[in-house]
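Enquirer: next one to model:
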Amino acid sequence: MATPPPGNGRAVAAAAGNTGDGAPARATRTRTSSSRRELVMSEILEHATRLFADRGYDGTTLQDIADAIGITRPGLYNYISSKEQLLDALVRDVSENTAHIVREVRLRTDLSSVEKLRAVVRDLVLQRAGAPERFRVLDRTEAALPEEVAALHLNARREVLAEVRRIIEEGVSKGEFRPRDE
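Expert: Okay, here's the model as predicted:
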């Protein structure tokens, strides 16, 4: 059996009804459309975040977001159902990632407690510096978050505080930090 020329493997496989790795072409289309949807959702969230940061959440409309992306408002509804959904996704991303960062550092066994505390501070500063608009939106809308989103955000903040407290308690028990009243 002849081997197809390099670079044509996927085209040949697609024409034959599979992806070249044994998966049917339909699965590839599904993965491709799923990847495309994720990319579009990411772009929508990025533009919404920028607009929320510049104009405020209440000062931004779905039409503003659609215009920024270059699609119609009805086209935007193919991806999201409401502006609140975008705020929810933004808050979840920021809150859950922050808690995840602190938890991952606390669980590291290759660092002393002092190094863990430094790593947490460094990582959180870098996170905030890398996405200042997301944090600006969160800071501005925190008091007006929908109940479910506010509860999630509050739980994540409590988790961050508890993780930092554990790092400090671990450091005190190892003699790396002096005991202090919380």
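Enquirer: residues of whichever helix in the chain runs longest that come out buried?
Expert: Among the elements of the chain assigned as helix by DSSP state H, the one spanning the most residues is helix 25-55. Taking 16 or more other CB atoms under 10 Å as the basis for neighbour counts, the residues of helix 25-55 that come out buried are T28, V40, I44, L45, E46, H47, A48, T49, R50, L51, F52, A53. Any C-beta I mention is one placed from the backbone N, CA and C, and that applies to glycine too.
Enquirer: is it correct that L86 falls within a helix?
Expert: Yes: counting by DSSP: H, G, I helix; E, B strand; the rest coil, one finds L86 located in a helix.
Enquirer: that one contacts E46, correct?
Expert: No: applying CB atoms under 8 Å, one finds L86 not in contact with E46, separated by 10.3 Å.
Enquirer: so which elements touch the longest helix of the chain?
Expert: helix 9-15, helix 62-69, helix 83-107, helix 132-141 (3 or more CB pairs under 8 Å, 6 or more residues apart in numbering; DSSP states H and E).
Enquirer: please convert these to CSV, extending it with mean neighbour count.
Expert: Output for those, formatted as CSV (neighbours: other CB atoms under 10 Å):
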stretch, mean neighbour count
helix 9-15, 13
helix 62-69, 17
helix 83-107, 18
helix 132-141, 17
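Enquirer: so which of these gets nearest L117?
Expert: Across the helices and strands packed on helix 25-55, the minimum distance to L117, taken as CB to CB, is reached by helix 83-107, at 8.6 Å.
Enquirer: please save the CA atoms from the next helix or strand after the closest one in PDB.
Expert: Using DSSP states H and E, the helix or strand that follows helix 83-107 towards the C-terminus is helix 113-130. Written as PDB, here are the backbone C-alpha positions of helix 113-130 (Å, rounded to 0.1, in the frame of the first residue of the first chain):
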ATOM      1  CA  SER A 113       6.500  28.000  54.400                       C
ATOM      2  CA  VAL A 114       8.400  31.300  53.800                       C
ATOM      3  CA  GLU A 115       8.900  30.300  50.200                       C
ATOM      4  CA  LYS A 116       5.300  29.300  49.900                       C
ATOM      5  CA  LEU A 117       4.200  32.700  51.200                       C
ATOM      6  CA  ARG A 118       6.500  34.500  48.800                       C
ATOM      7  CA  ALA A 119       5.300  32.300  45.900                       C
ATOM      8  CA  VAL A 120       1.600  33.100  46.800                       C
ATOM      9  CA  VAL A 121       2.200  36.800  46.900                       C
ATOM     10  CA  ARG A 122       4.300  36.700  43.600                       C
ATOM     11  CA  ASP A 123       1.700  34.500  41.800                       C
ATOM     12  CA  LEU A 124      -1.300  36.600  42.900                       C
ATOM     13  CA  VAL A 125       0.500  39.900  41.900                       C
ATOM     14  CA  LEU A 126       1.400  38.400  38.500                       C
ATOM     15  CA  GLN A 127      -2.200  37.100  38.100                       C
ATOM     16  CA  ARG A 128      -3.600  40.600  38.800                       C
ATOM     17  CA  ALA A 129      -1.000  42.400  36.700                       C
ATOM     18  CA  GLY A 130      -1.700  40.000  33.800                       C
END
